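Chemist: Just a sequence and a predicted model for now, questions to come.
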Amino acid sequence: MKIHRFYLNEKINIGKMEIKDQDLIHQIKSVLKLKSEENIVLYNGDSNEASAVLKEINKKNVICEIINIKENGNEPKTKTHLFLAILKKENFEVAVQKAVECGISEITPLLTEKTVKLNINTERIGKIIKEASEQSGRGMIPVLNKPISVKDLLPKKNELTLFFDKSGEDIFTLNNNIENTNFEKMNILIGPEGGWSDDENNFALRNEFKIASLGKLTLRAETAVTVASYLANRLFV
């Protein structure tokens, strides 16, 4: 039987706990129709998670018993920051959802020379991030930053930056050729539907980004995000 996971934006302690978050109460009571004595998991983004048992379910609150708290253990060892060109609404939302499921810890929307859409619905994207985190068993909620220009991105020396483009080195070969894997953070850059401009490619080269390729086939941006996020979190560790 599936045990449902819920993000709760407050401190979680062993013992009786009252949940007052109305959205969460609605999800437990009306959407999932959970009952007393059912098991759930609560987490608040600190990389721990709590096993709990529902005791009372009312319109105004939910009472549960926190049985134990343990480290989540599902988070990738390396923090990975996705810099993603703003895509058309549905495509950007799908890309963010899949990136979170693949272990991305931070997301920054990118404004590029070929970007068509220039803004995002941060409230909706934040909700998608939270739900994807719950669904995939994460121990934290990835951070959503404000959009920036590609040329505003200047990584630190202790960060590995992967700039994905078809002209780059195959990601598996690149992984084998990187001698220094002692980096604290990894950055992933995925361009817009129309691809990177020549200036943006030159910017990446000047700043010694690692130009990486996902193969000879042309992938949709949201597909590239999923594949790149998954592989990067498993190869470059």
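Modeler: Nice, thanks for sending it over.

Chemist: name the element the closest residue in space to residue 104 that isn't next to it in sequence belongs to?
Modeler: Using CB to CB, 6 or more residues apart in numbering and skipping residues adjacent in sequence, the residue nearest residue 104 is residue 82, 4.7 Å away. Heads up, the C-betas are built off the backbone N, CA and C, glycines and all. In the assignment (DSSP states H and E), residue 82 maps to strand 79-85.

Chemist: Report the secondary structure state of residue 97.
Modeler: helix (DSSP: H, G, I helix; E, B strand; the rest coil).

Chemist: what's the neighbour count on residue 222?
Modeler: 22 (other CB atoms under 10 Å).

Chemist: Quick check: it vs residue 94, distance?
Modeler: Applying CB to CB, to the nearest Å, the value for residue 222 to residue 94 is 5 Å.

Chemist: surely residue 226 meets residue 100?
Modeler: No. At 10.6 Å, residue 226 does not count as touching residue 100 under the criterion of CB atoms under 8 Å.

Chemist: neighbours around the closest residue in space to residue 84 that isn't next to it in sequence, how many?
Modeler: Spatially, and ignoring its direct neighbours in sequence, residue 84 is nearest to residue 190 (5.1 Å; CB to CB, 6+ apart). Using other CB under 10 Å, the number of residues around residue 190 comes to 28.

Chemist: who's in contact with residue 190?
Modeler: By CB atoms under 8 Å, 6 or more residues apart in numbering, the residues touching residue 190 are 82, 83, 84, 85, 95, 164, 221, 224, 225, 228.

Chemist: Give me the phi and psi for the residue nearest the centre of the chain.
Modeler: Closest residue to the average C-alpha location of the chain: residue 100 at 2.7 Å, with CA atoms, centre = their mean. Main-chain torsions, residue 100, degrees, to the nearest 10: phi -60, psi -40.

Chemist: which residues sit in contact with it?
Modeler: Taking CB under 8 Å, 6+ apart as the test, what residue 100 contacts is 107, 128, 129, 132, 133, 136, 138, 142.
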